[in-house]
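*Asks:* This is a predicted model, with the sequence first.
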Amino acid sequence: MVLFVVLVFVPPFWPRQLSFVGIPLAVVGAAGFVWSARSLGKSLTPYPRPRSEGVLVETGPYRFVRHPIYVAGLLFFGGVGLSSSLPATLGALALGALWWRKATIEEAHLVARFPEYEDYRRRVRRRI
(Lines give C-alpha, C1' and ligand atoms only; values in the text may rest on other atoms or scores of the structure.)
Protein backbone atom coordinates (compact mmCIF):
# COMPACT_ATOMS: atom_id res chain seq x y z
CA MET A 1 0.00 0.00 0.00
CA VAL A 2 2.99 2.28 0.51
CA LEU A 3 3.85 1.70 -3.14
CA PHE A 4 0.31 2.75 -4.03
CA VAL A 5 0.82 6.10 -2.28
CA VAL A 6 3.94 6.66 -4.40
CA LEU A 7 2.07 5.69 -7.59
CA VAL A 8 -0.50 8.43 -6.95
CA PHE A 9 2.22 10.97 -7.80
CA VAL A 10 3.61 9.18 -10.87
CA PRO A 11 2.47 10.42 -14.31
CA PRO A 12 0.59 10.06 -16.59
CA PHE A 13 -2.21 11.69 -14.66
CA TRP A 14 -5.89 11.21 -15.44
CA PRO A 15 -8.00 14.13 -16.66
CA ARG A 16 -9.58 16.10 -13.82
CA GLN A 17 -13.07 14.95 -14.90
CA LEU A 18 -12.37 11.42 -13.61
CA SER A 19 -12.28 12.85 -10.09
CA PHE A 20 -16.06 13.10 -10.32
CA VAL A 21 -16.10 9.30 -10.50
CA GLY A 22 -13.05 8.49 -8.39
CA ILE A 23 -13.78 10.57 -5.31
CA PRO A 24 -17.30 9.15 -4.74
CA LEU A 25 -15.91 5.62 -5.23
CA ALA A 26 -13.22 6.29 -2.62
CA VAL A 27 -15.79 7.67 -0.16
CA VAL A 28 -18.06 4.63 -0.65
CA GLY A 29 -15.03 2.37 -0.16
CA ALA A 30 -14.04 4.10 3.07
CA ALA A 31 -17.61 3.84 4.39
CA GLY A 32 -17.75 0.17 3.37
CA PHE A 33 -14.52 -0.50 5.23
CA VAL A 34 -15.90 1.07 8.42
CA TRP A 35 -19.17 -0.89 8.10
CA SER A 36 -17.30 -4.17 7.50
CA ALA A 37 -14.85 -3.64 10.36
CA ARG A 38 -17.63 -2.74 12.78
CA SER A 39 -19.60 -5.83 11.71
CA LEU A 40 -16.57 -7.92 12.63
CA GLY A 41 -16.55 -6.27 16.05
CA LYS A 42 -13.40 -4.31 15.38
CA SER A 43 -13.66 -0.91 16.93
CA LEU A 44 -12.17 2.02 15.07
CA THR A 45 -11.65 3.87 18.36
CA PRO A 46 -8.94 3.35 20.98
CA TYR A 47 -11.56 1.60 23.14
CA PRO A 48 -12.19 -1.87 21.70
CA ARG A 49 -15.65 -3.40 21.77
CA PRO A 50 -15.61 -6.95 23.09
CA ARG A 51 -16.54 -9.66 20.60
CA SER A 52 -16.21 -13.35 21.25
CA GLU A 53 -13.55 -14.98 19.11
CA GLY A 54 -14.42 -17.95 16.99
CA VAL A 55 -17.76 -16.63 15.71
CA LEU A 56 -18.55 -16.66 12.00
CA VAL A 57 -19.94 -13.21 11.17
CA GLU A 58 -22.87 -13.31 8.76
CA THR A 59 -24.42 -9.90 9.42
CA GLY A 60 -23.89 -6.45 7.94
CA PRO A 61 -22.13 -6.50 4.58
CA TYR A 62 -21.22 -10.16 5.16
CA ARG A 63 -24.83 -10.99 4.16
CA PHE A 64 -24.03 -9.91 0.60
CA VAL A 65 -20.36 -10.73 0.01
CA ARG A 66 -17.93 -12.99 1.86
CA HIS A 67 -14.99 -10.54 1.88
CA PRO A 68 -16.50 -7.04 2.05
CA ILE A 69 -13.35 -5.42 3.43
CA TYR A 70 -11.56 -6.34 0.20
CA VAL A 71 -14.44 -4.93 -1.86
CA ALA A 72 -14.28 -1.71 0.16
CA GLY A 73 -10.51 -1.55 -0.33
CA LEU A 74 -10.87 -2.02 -4.08
CA LEU A 75 -13.45 0.76 -4.26
CA PHE A 76 -11.28 3.07 -2.16
CA PHE A 77 -7.98 2.45 -3.94
CA GLY A 78 -9.66 2.30 -7.36
CA GLY A 79 -11.36 5.63 -6.66
CA VAL A 80 -8.13 7.24 -5.54
CA GLY A 81 -6.41 5.80 -8.61
CA LEU A 82 -9.07 7.23 -10.94
CA SER A 83 -8.68 10.59 -9.22
CA SER A 84 -4.93 10.66 -9.70
CA SER A 85 -2.92 8.63 -12.20
CA LEU A 86 -2.80 5.62 -14.48
CA PRO A 87 -0.03 3.93 -12.42
CA ALA A 88 -2.14 4.30 -9.24
CA THR A 89 -5.14 2.76 -11.02
CA LEU A 90 -2.97 -0.14 -12.18
CA GLY A 91 -1.69 -0.47 -8.60
CA ALA A 92 -5.29 -0.74 -7.38
CA LEU A 93 -5.90 -3.52 -9.92
CA ALA A 94 -2.76 -5.31 -8.70
CA LEU A 95 -4.04 -5.04 -5.11
CA GLY A 96 -7.31 -6.56 -6.32
CA ALA A 97 -5.50 -9.54 -7.81
CA LEU A 98 -3.50 -9.97 -4.61
CA TRP A 99 -6.63 -9.79 -2.44
CA TRP A 100 -8.46 -12.27 -4.70
CA ARG A 101 -5.66 -14.79 -4.12
CA LYS A 102 -5.56 -14.00 -0.39
CA ALA A 103 -9.34 -14.53 -0.13
CA THR A 104 -8.93 -17.96 -1.74
CA ILE A 105 -6.35 -18.95 0.87
CA GLU A 106 -8.44 -17.49 3.72
CA GLU A 107 -11.47 -19.49 2.62
CA ALA A 108 -9.55 -22.75 2.99
CA HIS A 109 -8.77 -21.77 6.59
CA LEU A 110 -12.36 -20.73 7.25
CA VAL A 111 -13.70 -24.06 5.97
CA ALA A 112 -11.35 -25.87 8.35
CA ARG A 113 -12.21 -23.63 11.32
CA PHE A 114 -15.97 -23.24 10.91
CA PRO A 115 -18.04 -26.30 9.93
CA GLU A 116 -20.94 -23.97 9.03
CA TYR A 117 -18.80 -22.04 6.52
CA GLU A 118 -19.84 -24.31 3.62
CA ASP A 119 -23.51 -23.40 4.19
CA TYR A 120 -22.56 -19.73 4.42
CA ARG A 121 -20.60 -20.02 1.17
CA ARG A 122 -23.62 -21.55 -0.58
CA ARG A 123 -25.90 -18.76 0.69
CA VAL A 124 -23.47 -15.92 -0.07
CA ARG A 125 -22.20 -16.69 -3.56
CA ARG A 126 -20.04 -13.61 -4.13
CA ARG A 127 -16.54 -13.81 -2.70
CA ILE A 128 -15.44 -10.31 -3.72
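*Replies:* Sure thing, it's come through.

*Asks:* now the helices: where do they sit in the protein?
*Replies:* With DSSP state H, the ranges of helices along the chain come out as 2-7, 19-40, 68-83, 86-113, 117-123.

*Asks:* Nearest to Thr59, out of these?
*Replies:* With Cβ to Cβ as the criterion, Thr59 lies closest to helix 19-40 of those, at 5.8 Å. From N, CA and C alone the C-beta is placed, and that goes for glycine too.

*Asks:* Please identify the buried residues of the closest one?
*Replies:* 22, 25-26, 29-30, 32-33, 35-37, 39-40 (16 or more other Cβ atoms under 10 Å).

*Asks:* from these, which is closest to Ala97?
*Replies:* Using Cβ to Cβ, the buried residues of helix 19-40 come closest to Ala97 at Gly29, 17.1 Å.

*Asks:* so what's Ser52 scoring on pLDDT?
*Replies:* Ser52 is assigned 50 on the pLDDT scale.

*Asks:* Likewise for Val5?
*Replies:* For Val5, the predicted pLDDT is 89.

*Asks:* Also Ser43?
*Replies:* The model's pLDDT for Ser43 equals 59.

*Asks:* which stretches of this protein aren't confidently modelled?
*Replies:* Counting by pLDDT under 70, the chain contains low-confidence residues at 43-53.

*Asks:* Report the contact partners of Tyr120.
*Replies:* 56, 58, 66, 114 (Cβ atoms under 8 Å, 6 or more residues apart in numbering).

*Asks:* Specify which member of these is nearest to Arg121.
*Replies:* Checking the contacts of Tyr120 against Arg121 with Cβ to Cβ, the nearest one is Arg66 at 6.9 Å.
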